[in-house]
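Undergrad: how does the following fold in three dimensions:
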Amino acid sequence: MTNYARHTRRDFLCRTAALGIVGTAGRWIPPARAQQSETATLHAKPGTARLAPADYPETPVWGYDGKVPGPTIRVPQGATVSRRFLNGLPQGSTVHWHGVRLENPMDGVPELTQPVVEPADDFLYDFTVPDTGTYWYHPHERAWEQMARGLYGALVVEEPEPPQVDRDEVLLIDDWRLAQDASIDESFGALGDWSHGGRTGNWITVNGEAGWSLRVGQYERLRLRLVNVANARIFSLAANGLDGWLVALDGQPLGEARPAGPIVLAPGQRADILIDAVAEPGSQAVLYSRERESSFVLATFTVEGTARNERLPAPTALASNPVPPHGSLAEARRATLHMEGGAMGGMREARMGGRMVPMRELAQAGKLWAFNGDVEMSEKPLFAAERGEAWLVRIVNDTAWPHAMHLHGHHFRPVGSDGNAGPLRDTLLVDSEQTVQIGFVADNPGDWLLHCHTLEHSIAGMRTWFRVT
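TA: Residues are numbered from 1 along each chain as shown. Next comes the predicted model:
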């Protein structure tokens with residue numbers, strides 16, 4: 001395992017040389033809160049961040065309040081989140097509150113739930129949070145560029161009775177495509193990225209830091225809230241000198257605390273782990289990501305002394321959230337989503353602008369993937385549900401690439417062919433040539449997006465929507 005915890009100029013030059021240059025209106029305002037002057041502001045604007053080693057210049061970024069990451073918002077379950085979003089960017093933007101089962105006008109999806117917030121304009125986001133857990137916020141307009149420039153932050157909804165831990169830490173894990181002067185590589189929109197695995201970077205950070213570290217005592221118990229905020233990279237997480245339990249996925253508590261083995265996090269996914277520092281005092285424990293050709297450290301925990309003489313007892317499961325069960329599968333209504341396209345795919349044509357268009361013309365328009373034969377958001381929803389109906393959606397990945405499918409406004413359970421259901425998720429990794437089913441109750445009224453959270457895939461055709469009335 002290569003340890004990148006101590007980043008040097010040589011590390012940076014090697015990684016950027018190897019991987020960095022890879023290719024080429026109106027506002028809806030809730031009337032009860034529109035005039036509240038004390039509402040906090042979330043200001044998207046340019047800034048700088050120390051991403052590369054100290055002998056490089058700081059990197060120009062876009063961030064909420066000009067920082068990477070943006071401010072962590074912590075609220076209790078059932079609270080109201082109210083933020084006036086001010087757009088200080090040179091292009092339109094919105095804020096999507098990823099994983100939160102909120103009111104539809106607050107979901108932040110241009111053309112579906114709200115107009116784009118233009119430069120120098122603002123929008124009041126005001127909603128309640130029904131579920132505890134780890135969530136995050138990011139733009140949904142030109143997300144493939146704006147998130148790659150650093151625009152994201154964490155939203156934590158705290159339990160009335162949280163588990164016993166010594167510290168609660170949010171780790172926003174990102175990769176950046178940096179040039180050798182530490183600036184962000186401007187190769188946005190490269191067809192090679194859009195048609196393959198998406199824009200992957202060459203420099204990894206946690207909370208905007210390369211080599212994020214923490215001093216701990218032996219047997220100190222940490223709650224680590226892990227969030228994959230990268231455009232496209234899939235992280236495979238493991239640990240040395242740390243031992244504990246997986247207690248939640250995508251914000252939703254598991255039915256029991258499970259031993260924390262390797263964890264795969266696709267873009268948009270989260271995992272909560274309760275973990276003890278079991279390494280000896282004077283040594284280091286690490287959280288790292290395993291890849292095909294190498295492994296790299298994400299976070300280092302320096303063990304100094306002891307926090308207690310022995311480990312705390314194993315935790316019990318977190319209290320469940322008020323998410324409705326997926327309902328009777330025998331009575332569930334059904335829909336199918338067929339994914340095709342991309343490099344090494346068999347798609348030869350698809351619908352664009354109301355007509356069938358050959359692949360060459362689609363590629364010239366930047367449309368490289370299709371849902372049910374469409375490369376654009378259809379005027380008709382994938383399905384229309386009545387509130388309270390159970391739905392089973394079959395997702396067929398007929399491509400050469402994995403896709404992190406994200407459902408807005410709801411949580412679902414993956415349902416096996418035997419009818420057994422997995423844990424609640426809002427984002428599911430669907431491997432190449434794999435078919436999965438997701439089951440959920442459509443209980444949140446509105447028009448909701450279903451898309452691939454590999455951001456280049458989404459803009460290049462992998463988006464659809466459904467309606468709940």
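
Undergrad: quick one, helices of this structure?
TA: 9-15, 143-146, 191-195, 359-364, 455-459 (DSSP state H).

Undergrad: deepest-packed of these, please.
TA: The highest average neighbour count among the helices of the chain, using mean count of other CB atoms under 10 Å, belongs to helix 455-459 at a mean of 27. (Glycine included, C-beta is placed from N, CA and C.)

Undergrad: quick check: the closest residue to residue 350 other than its chain neighbours vs residue 398, distance?
TA: Closest residue in space to residue 350, ignoring its immediate chain neighbours: residue 370 at 4.2 Å, by CB to CB, 6 or more residues apart in numbering. Applying CB to CB, to the nearest Å, the value for residue 370 to residue 398 is 10 Å.

Undergrad: these two: which is more packed in?
TA: Neighbour totals were compared for residue 370 and residue 398, and residue 370 leads with 26 against 17 (other CB atoms under 10 Å).

Undergrad: can you check the pLDDT for the more buried one?
TA: pLDDT recorded at residue 370 is 98.

Undergrad: bridging residues for it?
TA: residue 340 (DSSP bridges).

Undergrad: and it, how close does it get to residue 68?
TA: Relative to residue 68, residue 370 is positioned 34 Å away (CB to CB).

Undergrad: repeat for residue 291
TA: Taking CB to CB, one finds residue 291 at 23 Å from residue 68.

Undergrad: the more surrounded of those two?
TA: Shown here are residue 291 and residue 68; by other CB under 10 Å, residue 68 has more neighbours (28 against 12).

Undergrad: and residue 142, how many residues sit next to it?
TA: Residue 142 has 22 neighbours, counted by other CB under 10 Å.

Undergrad: ok, now the one 10 residues further on?
TA: Residues near residue 152, counting by other CB under 10 Å, number 24.

Undergrad: where does it fall, phi/psi-wise?
TA: Main-chain torsions, residue 152, degrees, to the nearest 10: phi -170, psi 160.

Undergrad: my guess is it meets residue 67, correct?
TA: No - applying CB atoms under 8 Å as the test, residue 152 and residue 67 come out as separate, 10.8 Å apart.

Undergrad: returning to that earlier point: who's in contact with the residue nearest to residue 350?
TA: 339-341, 347, 350-351, 461 (CB atoms under 8 Å, 6 or more residues apart in numbering).

Undergrad: if we can go back for a sec, shared neighbours, residue 370 and residue 398?
TA: 339-340.

Undergrad: backbone phi and psi for the residue lying farthest from the centre of the chain, please?
TA: In the chain, the residue that sits farthest from the middle, by CA atoms, centre = their mean, is residue 309; the gap is 37.5 Å. The phi and psi values for residue 309, taken as degrees, to the nearest 10, are phi -80, psi -20.

Undergrad: right, and it touches residue 217 too?
TA: No - applying CB under 8 Å as the test, residue 309 and residue 217 come out as separate, 10.9 Å apart.

Undergrad: with adjacent residues omitted, what lies nearest to the residue farthest from the centre of the chain?
TA: Residue 309 sits nearest to residue 219 (CB to CB, 6+ apart), 7.5 Å away.

Undergrad: next, the contact list for residue 302, please.
TA: 213-216, 284.

Undergrad: mind listing what's buried in stretch 100-108?
TA: 100-104, 106-108 (16 or more other CB atoms under 10 Å).

Undergrad: against residue 458, how distant is the residue nearest to residue 350?
TA: Applying CB to CB to residue 370 and residue 458 gives a distance of 13 Å.

Undergrad: before we move on, what about residue 260?
TA: As judged by CB to CB, residue 260 and residue 458 stand 30 Å apart.

Undergrad: apart from its chain neighbours, what residue comes closest to residue 374?
TA: Leaving out its chain neighbours, the residue that sits closest to residue 374 by CB to CB, 6+ apart is residue 351, at 5.0 Å.

Undergrad: can you report how many residues neighbour the one you found?
TA: Residue 351 has 17 nearby residues by other CB under 10 Å.

Undergrad: pretty sure it is touching residue 375, no?
TA: Yes - counting by CB under 8 Å, residue 375 is a contact partner of residue 351 at 6.9 Å.

Undergrad: spit out the residues that contact the two alike.
TA: residue 357.

Undergrad: give the buried residues for stretch 76-84.
TA: Of the residues in stretch 76-84, 77, 81-84 count as buried by neighbour count, 16+ other CB under 10 Å.

Undergrad: how about stretch 109-117?
TA: Applying 16+ other CB under 10 Å to stretch 109-117 flags 109-110, 112-114, 116-117 as buried.

Undergrad: if the residue lying closest to residue 403 once chain neighbours are set aside is in a bridge, with which residues?
TA: Nearest residue to residue 403, sequence neighbours excluded (CB to CB, 6+ apart): residue 452, at 4.4 Å. In this entry, residue 452 is beta-bridged to residue 405, by DSSP bridges.

Undergrad: for residue 452, which residues are in contact?
TA: Listed by CB under 8 Å, 6+ apart, the contact set of residue 452 reads 339, 369, 403-406, 458, 462-463.

Undergrad: on that earlier part again, farthest pair in the buried residues of stretch 109-117?
TA: Farthest apart among the buried residues of stretch 109-117 by CB to CB are 112 and 117. That separation is 14.3 Å.
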